[in-house]
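**Q** Build the 3D model from these lines:
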Amino acid sequence: MKKLIKKQWVQEILAFIGTLYIKLVWYTSRWAVQIHPESQKIINEGKGFILCFWHGRLLMMAPEISKIKAPKHMLISAHADGKIISKTMSYFSVKTIAGSTKKSGTKALRESLNLLKGNAIVGFTPDGPRGPRYSIAPGVLQCAYMSQKQIIPITYSCKRKKILKSWDRFVLAYPFNKGCLLIGAPILPPENKEAFEQTSSNLKKKLDALTNEADLWPY
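**A** The predicted structure is shown next:
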């Protein structure tokens, strides 16, 4: 199976099926979309920002993100499963930055910074691609610090879902559903490297709180 998934034609088929499923869930469900006013202002200004969400909440991000009128990119692993996600995102006008920013100075980090400088949106799963679950990798902090762009947390949940037994507890939404997509208040980038830990703590707290709010959403 691992060898099969590495084949490009298999990745194309899986990405197409994944895209159809996401669209089926999105258009057959009733979604409540709530955006914090400060984040809405940043989105409207079109000056670029960093978008963050947990890896397990990745499935239903694309339809809403695709509505934002700005170049959209997402940092995705170069592994086979990452390539499938990348091909799926491309159907929603979200381009890919392949690689990892765990180490500063990498090609992925430089590309992210150049895109942010051009007022693009760059998406991160700060606990991806391999975990630990609900942790903040240093790459997103480095990117925020070097670009001085704000971080906007986002999450989703739904009434009918299956939580997979994967490392990220991936949330699989069912079609003909009720769901919510929440965009929280922006987080200021760290002013210096000494502020990384505080910014990391703030980001984790806001993502956790936003996710808990979504899971408890009153449908």
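**Q** rest of the way, CA atoms for contacts and neighbours
**A** Will do.
**Q** Which strands or helices does the longest strand seen in the chain pack on?
**A** Of all segments of type strand in the chain, defined using DSSP state E, the longest is strand 151-158. Contact partners of strand 151-158 among helices and strands, from 3 or more CA pairs under 8 Å, 6 or more residues apart in numbering; DSSP states H and E: strand 49-52, strand 171-173, strand 178-183, helix 196-215.
**Q** can you tell me the average pLDDT over that strand?
**A** Across strand 151-158, the average pLDDT comes to 98.
**Q** quick revisit: between the helices and strands packed on strand 151-158, which gets nearest to residue 85?
**A** Closest to residue 85 of the helices and strands packed on strand 151-158, according to CA to CA: strand 171-173, at 14.5 Å.
**Q** any idea of the mean pLDDT for that closest one?
**A** pLDDT averaged over strand 171-173 gives 98.
**Q** Report the angle between the longest strand of the chain and helix 196-215.
**A** 20 degrees (axes from the mean of the first three to the mean of the last three CA atoms, to 10 degrees).
**Q** how far out from the middle of the chain is the following helix or strand past strand 151-158?
**A** Counting by DSSP states H and E, the next helix or strand C-terminal to strand 151-158 is strand 161-163. Strand 161-163 has its average C-alpha position 18 Å from the chain's average C-alpha position, going by CA atoms, centre = their mean, to the nearest Å.
**Q** tell me which helix or strand of the chain sits lowest on mean pLDDT?
**A** The weakest-scoring helix or strand in the chain, judged by mean pLDDT, DSSP states H and E, is helix 2-5 (a mean of 81).
**Q** The nearest residue in space to residue 99 that is not next to it in sequence: neighbouring residues, count only.
**A** Sequence neighbours aside, residue 77 is the residue nearest to residue 99 in space, at 5.0 Å (criterion: CA to CA, 6 or more residues apart in numbering). Counted with other CA atoms under 10 Å, the neighbours of residue 77 add up to 20.
**Q** Residue 93 versus the residue sitting nearest the centre point of the chain, what's the distance?
**A** The centre of the chain sits closest to residue 53, judged by CA atoms, centre = their mean, with a distance of 4.4 Å. From residue 53 across to residue 93, the span is 18 Å (CA to CA, to the nearest Å).
**Q** ok, now which ones touch residue 91?
**A** With contact set as CA atoms under 8 Å, 6 or more residues apart in numbering, residue 91 has these partners: residue 19.
**Q** Quickly list what residue 35 is bridged to.
**A** On the basis of DSSP bridges, residue 35 is bridged to residue 183.
**Q** Residue 32 touches residue 179, doesn't it?
**A** Yes - contact criterion CA atoms under 8 Å: residue 32 and residue 179 qualify, at 6.3 Å.
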